[in-house]
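**Student:** predicted coordinates and the sequence they were generated for:
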Amino acid sequence: MRFAFTPEDEQFRSELRSFLADQLPDGWTGPVDESSDDGWALNQKLKKALADHGWLVMHWPEKYGGQDASSLRNIIFAEEMAYHRAPGNDRFGTRMIGPVLMHYGNEEQKSEYLPAIASGSIQWCQGYSEPDAGSDLAALKTRAVLNGDKFIVNGAKIWTSLAHRADMMFMLARTDPDAPKHRGISMLLLDMNTPGVEVRPIHNMAGSHSFNQVTFDDVEVPVENLVGDLNNGWRVGMSLLNNERSGIDYVAWAQRAWDELAQFCRDEKAPNGLPLSAEPSVRAKMAELDAEIESARLLAYDVAWHQEQGEAPADVASMSKLTGTVANKNVLDYAMQLLGMYGVLEKDSPHAKLEGRFFKMRMFYTSGEILAGTTEIQKNLIAWRGLELPRV
Amino acid sequence: MELGFDETEEMIRVSAREFLGREAGPQLARNGDAEAFWGKVVELGWTGLAVSEEFGGSDMGLMALGVLMEQWGAHLGRGPLFESAVLVGPALEAEAGERTKKEVLPQLADGSSSATIAVLEESASWRPEDVRATAVKIGSGWAITGVKHFVSYGDQASRVLVAARTGDGTRDVSLFLVDRDAEGVSSESLNHATGTPTAVLTFNETTVDESRLVGDENGGWPIVEALMQRGAAFRAAQMAGLGREVLEMTSAYVKDRKQFGVPIGSFQAVQHHLADMAVSVRRVEHLARQAVWSVAEGSPDAAKQVSRAKQAASELIPQVCWTAHQCHGAIGFTEEHDLHLYTRYALAWAAEFGDSSAHTEKLADALEL
């Protein structure tokens, strides 16, 4: 065993840090608000810069424009991007549909989309969840009926992040309503400019427009936009979920929040005139959170390490997603407690502490334990796949 | 980053698991022949695993020993392996004089003698100011007087590494390697809930030769701190092993036990208990292995990593045991069921070498809070 990265990996980490210091605005504390035009512009700028640097798809095989970077190097990339609250890693393209196309796509699809993803010139969104298909994703009802050389799509997707910015959607649609629910689904690639596609914003409780409802009214999708075999979409669609389920982003967000909160505790005086960080209860809680973050980080590295061995242990990915999101929530919960009355002053208040950032983050990251499989679903998966407990 | 076992580590893990699964476990903990068991452990060469070749050991390093201790924890091993091989051996190798090393280390390595530590007193505190035992210079040696509590295998070990005050400053503590059968040593047995033979040792002007001063005069406290750090890292490793064993027992039980006509493990309420246990165990495994690795490598982060591991182990592993009891229902509340044997160790180990709050405080320091 060895609990250290190689000097080459550490070198990469420091290069990436300098790159981000150059690229991000001075004093950048993020996180980026993609609902604002400024925020989106920064996202696009970084995506391009990463592509030009060869880092955007460095985890891809060389033949698709990548560098065959190891899963461990890849996790350093994700960790640093998240720690710096840097937008632009384009996870929908580079981490989700890109790898799916490499595995299941045909040559035309690969040559049409992979170079566009690699160069940062296309934006994807993920059409999975529906109003009546959340945790029970396979209950999805959006219909795609094959008619000659095109599918006619009708239905609705919801919670679709970045649909309002996206050029394309990869979506799951029901192509055989009579088959058992997992066997009648196909994956389609949809041009978001197709007539009949309507995107309506949904504002989240943190006050930003990060996701949407998307409806389809007799939308035509060419048959060549089917990924993999007809009615094999469940398998195709699930293959990317383990990429979605590493908790490293949340670990890095939690670490950044912890670091900022620790500095706040060193600077801020308690009523007794001593710094907050001298209070035994603060010291104990902050240390406990640090240990929690560290264990979540090791679990995220564990996912990458397994991928490096060519294994995909679903229970470890679930543990990582669960521990990362919970650690992040716990740090933010404690921040709310420490900030007290000031914790609920929003960004624009002249009296807000830490620029009102922690309130916004606490509200926003409520989504962590819900998206990409809720905490409860992760526990089910750990019990079923890791411990082989019987499914009801 | 290499999170899997290398070939040697895997070999140790598999053979330890096989041997301890057969020879130790609840059977040994309840009323097994501890002496015969210890004889077999010695034969396997485990006592010399981390002792360097120069002193008759196999020099496989602390990481290998950590892998072994994880299994030792999982199977409730009995005998002074932790005390001799994890605590005293490395301390002597790093700090004792040549004469003592040549005399004692080969015996620890081949198991012909064993050793333990006597640092804590009635206060059970790891602060230097709470060392009240004294050592006074007499002729060519020292006379030690004082009372040491919580001495594991205090009656079985051949030698005891004793911390005693040798000056007026808070940290003026020195360490002495005392023969257990020296004059002026008496003992009283503590009735320890794990069944681990544990003693209060009283030293009444017990004399030791100058050569048995380990480290410098008044230079013992940093050695004690290193002992505590190593002890905490390896206890965390044992707790990881124990947690894994309890998880496996419980997982097997809920698949087998039927209520309402189905295995109780098919109920989501029970599944989520098991998932929580699995996550806790995996967390502690990673943190403990990282802690042992940091200690073995002498990493500058060792203080942080060890406190993270021991804090998490002390919080999470007893909780894993309590959840296991809940999942076992009434049968897990009985004396005849083995589960409580593990719980007893989890509670004992959670408190040893710094409990959760001691390590959060150390960690807060290390994090510059």
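**Tutor:** That came in fine, so what should we check first?
**Student:** A:I122 and A:F170 touch, don't they?
**Tutor:** No - in this structure, A:I122 is not within contact of A:F170 by C-beta atoms under 8 Å, at 11.6 Å. (Each C-beta comes from the backbone N, C-alpha and C, glycine too.)
**Student:** if you count surrounding residues, which of those two has more?
**Tutor:** A:F170 (26 against 19; other C-beta atoms under 10 Å in any protein chain shown).
**Student:** isn't the more buried one right next to A:I117, touching?
**Tutor:** No - between A:F170 and A:I117 there is no contact under C-beta under 8 Å: 11.3 Å.
**Student:** what do these two both touch?
**Tutor:** The contact sets of A:F170 and A:I117 overlap at A:I97, A:W124 (C-beta atoms under 8 Å, 6 or more residues apart in numbering or on different chains).
**Student:** wait, what's in contact with residue 292?
**Tutor:** Since no chain was named, I'll use chain A. A:T323, A:A327, A:N330, B:A312.
**Student:** the chain in question should be chain B.
**Tutor:** Taking C-beta under 8 Å, 6+ apart as the definition, contacts of B:V292 comprise B:L62, B:M63, B:G66, B:A233, B:F234, B:A236, B:A237.
**Student:** and chain A, which of those residues reach it?
**Tutor:** Residues of those in contact with chain A (C-beta under 8 Å from any C-beta of the partner chain): B:M63.
**Student:** just put the contacts of B:V292 in TSV and tack on pLDDT, neighbour count and secondary structure.
**Tutor:** TSV is the format used below for the contacts of B:V292 (pLDDT from 0 to 100; neighbours: other C-beta atoms under 10 Å in any protein chain shown; DSSP: H, G, I helix; E, B strand; the rest coil):
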residue	pLDDT	neighbour count	secondary structure
B:L62	98	22	helix
B:M63	98	23	helix
B:G66	98	28	helix
B:A233	98	31	helix
B:F234	98	31	helix
B:A236	98	36	helix
B:A237	98	29	helix
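**Student:** for the nearest residue to B:R244 once chain neighbours are set aside, what are its contacts?
**Tutor:** Nearest non-adjacent residue to B:R244, counting by C-beta to C-beta, 6 or more residues apart in numbering or on different chains: B:V281, 5.3 Å away. B:V281 sits next to B:A240, B:G243, B:R244, B:L247, B:L316, B:I317, B:V320 when contact means C-beta under 8 Å, 6+ apart.
**Student:** make it 10 Å
**Tutor:** Contact analysis of B:V281 by C-beta atoms under 10 Å, 6 or more residues apart in numbering or on different chains lists B:239-248, B:316-317, B:320.
**Student:** check which residues of the helix or strand containing B:H359 are buried.
**Tutor:** Assigned by DSSP states H and E, B:H359 falls within helix B:356-366. Going by neighbour count (16 or more other C-beta atoms under 10 Å in any protein chain shown), the buried part of helix B:356-366 is B:S356, B:A358, B:H359, B:T360, B:E361, B:K362, B:L363, B:A364, B:A366.
**Student:** next one: stretch A:319-333
**Tutor:** Result for stretch A:319-333 [16+ other C-beta under 10 Å]: buried residues A:319-332.
**Student:** now for B:N31, how many residues are close by?
**Tutor:** 8.
**Student:** can you check A:M1 too?
**Tutor:** Around A:M1 there are 17 residues (other C-beta under 10 Å).
**Student:** so who does it touch?
**Tutor:** Contacts of A:M1 by C-beta under 10 Å, 6+ apart are B:1-6, B:9, B:63, B:66-67, B:289-290, B:292-293, B:296.
**Student:** next one: A:F3
**Tutor:** Counting by C-beta under 10 Å, 6+ apart, A:F3 has contacts A:298, A:301, B:1-3, B:63, B:286, B:289-294, B:297, B:299, B:301, B:305.
**Student:** do that again at 6 Å, thanks
**Tutor:** B:Q290, B:W293 (C-beta atoms under 6 Å, 6 or more residues apart in numbering or on different chains).
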